[in-house]
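Student: What follows is a predicted structure for the sequence shown.
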Amino acid sequence: MKLPTLFCPTFSLLGLLICLCLPLQGQDRGLFWKLEPLPDARPKEKRLLKKLSQSGYQLDPLALQQGEVVLLFDKLPVLGASLNRRQSSLQLLTETDSTSSLDREALRAQLYPQYQERSRGTTNQRRFRKALKGKQRSLRAAKAPYRLQVGQAPATATRYTLAFYRKKKPFALLHFQALPGQQITGLPYLEFSNCSPFDRASYFQDISRRWYAGTAPYPYTPALGIARRKRFGLLFEKNMAAPDPEDVKTIRAFLTDTLYVIDKAEIRAWASVEGSLENNSRLQEKRAEILIRALEQQQGDSIPYTVHTEENWALFFDQLQRRGLDSTYRSREEWKEFFLSKEEQERWEPLLARQRKAELWLELLQKLTGEQQQQLAFGHFQKLAFRYQQPGQRRAGLIKAMLGIRNYLQAEVEAGRLQAERLCSLRPQREVYEYSLIHFYEQAERFERGQQLLCDFEALALETFTSIQNRYELQYIQHLQGKPRPDAKVYGDLVSVQAYIFQKIIEGKFSPRLACALRVPEDPRYYHLYLNYLKFTNALRDYPALDVDCRQESASAEVVGDAFDWRAIDADSRYYYLLKRMVLEGHRLEGVWRTDWMVEFDRFEFLQYNILNWNPDTGQFFDRDIGVAEMAAQTSSLLKSLRHLCPHQAYGLAIAFHAKVVQQAYGQQQPSRQLEESLAFIERFYIRHAAALSPQQATHIVQQLLMANSYSLRNERGRFAMDLLERVGSRKGLTHDQQALYQQLAASMGVNPKL
């Protein structure tokens, strides 16, 4: 029977036919397949065709490189069902028209090596079916493709066609088309978020913004004065209402003093208990009138006042009690009669003389000078700090009030009313870590904006670092005594401030010698600080003017060991050794405390070293002890815990890793589970962000992944390529060449194009 024209000019065969033409140089290509039914198929053949369509197919690329044609497929009944009839046979036709015959038994021997036909009959048929089911169960569990060696073929062929026969009649054609691709060299980097890249120094800016935004100082208004209660007293002779003129003069002088603001006044006048009530009332009124006149003459009627007059019985009874006398054995009338005696009046005169008086009580505000207001602010600052240090009193409001006082004093310095030295000496008598840190963040923000700083910012940076370190050490000592472990935030602040100081040294804004003051031991409790130190010393290679060797300035051997190059960062360096320990063993290291952002950034930097320095052609990572599986696991963990890193920063690193996995597979011509996972990750990522791609970028991605379809049994890469081009093309359109690539993909896979 004559076959329809396929990709090749002419051919004919019985069983399975392979056609090859149009050579393509090299192996930079991807194979795409489509299943084509032939017309006039019988019902049995249609059922066989339906089974054929349930499987996926591919030609083994490594075998093709060696001139062998090996068909890979994932469902055994596809060919098993077509081999039930004895008259089914397969023949191979090469480009030279030479043929070789493969009968049913030869093909069964490849697919079912455990089965050998010895006799004819129903028993043999049952054994075959049993073997068929066993093969299905075993290989389905293993998820390994079935292999069928078809014959020999040139490695440079670009088109292959397999014809399926039943009763010497073809009923289906399986076409393989090799499309040219590109060796993967790099996939587009998409910045699909508006955050800034993250490194060891940038976290300081982030945390300072978050901290300071939530702790805005309370505005501090200096006290205008001190509320006081002032008393003036006048004494009088017996039966007299004329006081000492000097005492009245003193009262008048005070009432005219502008340093005081009088709110209200109270006038009290008394007469001694002896004498008649009428005479005493007259004396009380006259004595009160003296103070009323003085008040009105000096202050007018602007001050409200009250007047109280009475005989001074309260003082008299108090005097009796002080002398040990019973004040109740006589009534007031009896005492009046008792004092009618002149002898008794003379004897009791020392007590009675104290009862003849008048008092002026003033509620007033004593105005403060600018210096007094400043001194009061200093005292209030220390009171707030002391209160904050008391148990249960660590409230943010106290810190905000302290910051407000400092801002007030800073304004006084800027106005020339306070010396800057006094402001710079303002600090709690006992360290308040939170105040020191937030104040430093505020000053750092002013420093970055180029605003004038009244105090030495470099000294403040060192003071803040020391304050945080003291808090961390205190918490660690308390932890050894059974209290909770140190607050991870305190350690994070310590690392952040240290990194900021190092960054300012490199920028030339701080003295290089400041780095030597930030000495920490190589101890698990300080691993991140030590990593920062080593990173800083490595950065000094590019700044010869900042060359300061802290080892020569300190006798401490803790700063930098002598067993390694203190400025090296490579796979054998101390820096990478500690970084690797933090990533792979940090959760098990005794004494190590880390915040979430440290875990995230450590993993990111660890991956950065290994991925960016990985050569897929040699399979050599930055770290010779690290493999692809470990890197894949760490990359996945990084993407699951993104909180501080920019998403495009982390995903860009992940794309670089998976692209190199694909590149390595191309070089080794070896499919693997990791290859499938990497391809799936790349496809998901770019499909999700197709709106951000240009048509040129989409084409670049597609061309680099075309080769990977040679490892796909179900044209996964082809479907991805068409999907991506459709998404990008529907938004931004495709050029003529891009449209041609899209149409070629559709034709190679036998699907209807949508564009």
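Tutor: Perfect, thanks for sending it.

Student: Just give me the neighbour total for residue 417.
Tutor: Other residues within reach of residue 417, judged by other C-beta atoms under 10 Å, total 13. Heads up, the C-betas are built off the backbone N, CA and C, glycines and all.

Student: before we move on, what about residue 267?
Tutor: 22.

Student: For it, give me its contacts.
Tutor: 288, 291-292, 295, 305-308, 358-361 (C-beta atoms under 8 Å, 6 or more residues apart in numbering).

Student: Out of those, which end up buried?
Tutor: Among the contacts of residue 267, the ones that count as buried by 16 or more other C-beta atoms under 10 Å are 288, 291-292, 295, 305, 358-361.

Student: ok, so of those, who is nearest residue 276?
Tutor: Distance to residue 276 across these (C-beta to C-beta) is lowest for residue 288, with 18.6 Å.

Student: ok, the closest residue in space to residue 454 that isn't next to it in sequence to residue 749 distance?
Tutor: Using C-beta to C-beta, 6 or more residues apart in numbering and skipping residues adjacent in sequence, the residue nearest residue 454 is residue 420, 4.7 Å away. Plainly put, residue 420 is 77 Å away from residue 749 if you go by C-beta to C-beta, to the nearest Å.

Student: Go through the buried ones among the contacts of residue 267 and say which is closest to residue 604.
Tutor: residue 361 (73.0 Å).

Student: That closest one contacts residue 268, doesn't it?
Tutor: Yes: counting by C-beta atoms under 8 Å, residue 268 is a contact partner of residue 361 at 7.3 Å.

Student: any idea where the helices of the stretch 251-400 of the chain begin and end?
Tutor: 277-299, 313-322, 332-338, 342-347, 349-355, 370-388, 396-414 (DSSP state H, counting those that start in this stretch).

Student: Using PDB, list the CA coordinates for the longest one.
Tutor: Looking back up the chat, that one is helix 277-299. As requested, the backbone C-alpha atoms of helix 277-299 are provided in PDB (Å, rounded to 0.1, in the frame of the first residue of the first chain):
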ATOM      1  CA  LEU A 277     -15.800  89.900 121.200                       C
ATOM      2  CA  GLU A 278     -16.800  93.400 119.800                       C
ATOM      3  CA  ASN A 279     -13.300  94.800 120.400                       C
ATOM      4  CA  ASN A 280     -11.700  91.700 118.900                       C
ATOM      5  CA  SER A 281     -13.800  91.800 115.800                       C
ATOM      6  CA  ARG A 282     -12.900  95.500 115.300                       C
ATOM      7  CA  LEU A 283      -9.200  94.700 115.600                       C
ATOM      8  CA  GLN A 284      -9.400  91.700 113.200                       C
ATOM      9  CA  GLU A 285     -11.000  93.800 110.500                       C
ATOM     10  CA  LYS A 286      -8.400  96.500 110.800                       C
ATOM     11  CA  ARG A 287      -5.500  94.100 110.700                       C
ATOM     12  CA  ALA A 288      -7.000  92.400 107.600                       C
ATOM     13  CA  GLU A 289      -7.500  95.800 106.000                       C
ATOM     14  CA  ILE A 290      -3.800  96.500 106.100                       C
ATOM     15  CA  LEU A 291      -3.100  93.500 103.800                       C
ATOM     16  CA  ILE A 292      -6.100  94.200 101.600                       C
ATOM     17  CA  ARG A 293      -4.900  97.700 101.000                       C
ATOM     18  CA  ALA A 294      -1.400  96.600 100.200                       C
ATOM     19  CA  LEU A 295      -2.700  93.900  97.700                       C
ATOM     20  CA  GLU A 296      -5.000  96.300  95.900                       C
ATOM     21  CA  GLN A 297      -2.500  99.100  95.700                       C
ATOM     22  CA  GLN A 298       0.100  96.900  94.100                       C
ATOM     23  CA  GLN A 299      -2.000  94.500  92.000                       C
END
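
Student: next one: it to chain centre, how far?
Tutor: From the chain centre to the centre of helix 277-299 is a distance of 77 Å (C-alpha atoms, centre = their mean, to the nearest Å).

Student: Buried residues, it. List them.
Tutor: Using 16+ other C-beta under 10 Å as the test for burial, helix 277-299 gives 280, 283-284, 286-292, 294-295, 298.

Student: ditto for the second one
Tutor: Along helix 313-322, the positions that meet the burial threshold by neighbour count (16+ other C-beta under 10 Å) are 315-317, 319-320.

Student: can you map out the strands along the stretch 51-200 of the chain?
Tutor: Under the criterion DSSP state E, counting those that start in this stretch, strands of the stretch 51-200 of the chain are mapped to 57-59, 68-73, 89-93, 99-103, 146-152, 159-166, 169-180.

Student: Tell me which of these sits nearest to residue 40.
Tutor: Nearest to residue 40 among the strands of the stretch 51-200 of the chain is strand 169-180; the distance by C-beta to C-beta comes to 8.9 Å.

Student: which helices and strands does the closest one pack with?
Tutor: Under the contact definition 3 or more C-beta pairs under 8 Å, 6 or more residues apart in numbering; DSSP states H and E, strand 169-180 sits against strand 29-37, helix 43-52, strand 57-59, strand 159-166, helix 736-749.

Student: and the ones you listed as JSON lines, adding mean pLDDT and distance to residue 535?
Tutor: Below are the helices and strands packed on strand 169-180 laid out as JSON lines (pLDDT from 0 to 100; distance: least, C-beta to C-beta, whole Å):
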{"stretch": "strand 29-37", "mean pLDDT": "90", "distance to residue 535": "43"}
{"stretch": "helix 43-52", "mean pLDDT": "84", "distance to residue 535": "60"}
{"stretch": "strand 57-59", "mean pLDDT": "90", "distance to residue 535": "48"}
{"stretch": "strand 159-166", "mean pLDDT": "80", "distance to residue 535": "55"}
{"stretch": "helix 736-749", "mean pLDDT": "92", "distance to residue 535": "45"}
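
Student: For residue 451, find the nearest of these.
Tutor: Checking those against residue 451 by C-beta to C-beta gives helix 736-749 as the closest, at 53.2 Å.
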